[in-house]
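**Q** Predicted structure and sequence below. I'll ask about it afterward.
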Amino acid sequence: MTDLAQSIESREQLAVVWRAMVLDRDADADVRDLPGIAVRWADCRFAFWNAITLTDVGADARLLRQRLARVADLMRAKRYPGFLWLFEDLLDDGARSTLEEAAQQAGLQYAFPGTGMAGDLLPIPDPVHPELTFVRVTTDEHLEVYADINSRAYGFPLEAGRDGLVGSTLWKKDVHAYLAMRGDLPVACAGAIAAEGRLFVVLVATDPQWQRRGYGEAVTRKALYEGSRVTGLTRATLHATVAGAPVYPRIGFEPNSPIHFFGLQS
């Protein structure tokens, strides 16, 4: 698979998985596919469930400006804030060089970076960590714990994560979601869901006071192991934050497109 094909795959995985996630959160969520733009917006307090991405391949500077202006208009019409997920490798060289200026002119501000990753790495061994056991997420109580770990890890209010996850049927049945437990204390979490022949890793987080101990990697391996065991899938994809980017290559993931996250200017 070429580098560009992997970047397209990464963007398509976002669109497919996020459609399921936001419709699970709200059956009336905005999941429109517009010219050059995919909207996946639950309009809830959990900002990760309010997403837009650009779908053109090889967009030039002029087209990029048009798309960003439309994205900003769409975001201004929503109640709750969210992010534009922009896959850099899908822009041409001219668009990349003008991205920062074009975003600013559209009324968008840079939030944080990410990286698309993928690999034909499954199956993997059932993970063992000397300090951890793993619990499958099957109840709303589990989901609340899962949400709270994500909120603390990403700096969101606790009610934001709970608004995105608690009550979900999808997360209790179709997502292979696991809590990493240090004794009776939940310290990390990760999920994986089948999407168009891949296993997509989603919402990996470690409680800040327990980071840098290998817990996030261990629970990600558990989600991948169980997801692959059940589905038989051999290829996995994810979108890594800065914190996760050094971890996933140890599992077998390879980076593809840089991702730029933008929100509305405050």
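**A** Alright, I've got the coordinates.
**Q** List the contacts of residue 118.
**A** Residue 118 sits next to 6, 9-10, 198, 235-238, 253-254, 256 when contact means Cβ atoms under 8 Å, 6 or more residues apart in numbering. Heads up, the C-betas are built off the backbone N, CA and C, glycines and all.
**Q** ok, residues contacting the lengthiest helix in the chain?
**A** If each helix of the chain is counted by residues according to DSSP state H, the longest one is helix 3-25. With Cβ under 8 Å, 6+ apart as the test, helix 3-25 has contacts from 1, 29-31, 33, 38, 40-42, 44, 46, 49, 51, 53, 55, 57, 85, 87, 89-90, 116-118, 164, 168-171, 193, 195-196, 198, 200, 202, 237, 239, 256-257, 259.
**Q** could the contacts of residue 118 be laid out in TSV, adding secondary structure, neighbour count and pLDDT?
**A** Formatted as TSV, the contacts of residue 118 follow (DSSP: H, G, I helix; E, B strand; the rest coil; neighbours: other Cβ atoms under 10 Å; pLDDT from 0 to 100):
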residue	secondary structure	neighbour count	pLDDT
6	helix	20	96
9	helix	19	98
10	helix	27	98
198	strand	24	98
235	coil	17	98
236	strand	27	98
237	strand	25	98
238	strand	26	98
253	coil	24	98
254	strand	14	97
256	strand	24	95
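**Q** Out of those residues, which comes closest to residue 154?
**A** residue 238 (15.4 Å; Cβ to Cβ).
**Q** Is the spatially closest residue to the closest one that is not a sequence neighbour in a helix, a strand, or coil?
**A** Among residues not flanking residue 238 along the chain, residue 201 sits closest, at 3.8 Å (Cβ to Cβ, 6 or more residues apart in numbering). Classification of residue 201 using DSSP: H, G, I helix; E, B strand; the rest coil returns strand.
**Q** mind listing the helices for this protein?
**A** 3-25, 61-76, 93-106, 140-154, 158-165, 170-173, 215-231.
**Q** Adding distance to residue 129, write those out as a markdown table.
**A** Converted to a markdown table, these look like this (distance: least, Cβ to Cβ, whole Å):
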| stretch | distance to residue 129 |
| --- | --- |
| helix 3-25 | 27 |
| helix 61-76 | 40 |
| helix 93-106 | 40 |
| helix 140-154 | 16 |
| helix 158-165 | 24 |
| helix 170-173 | 23 |
| helix 215-231 | 4 |
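**Q** so which of those gets nearest residue 125?
**A** helix 215-231 (7.2 Å).
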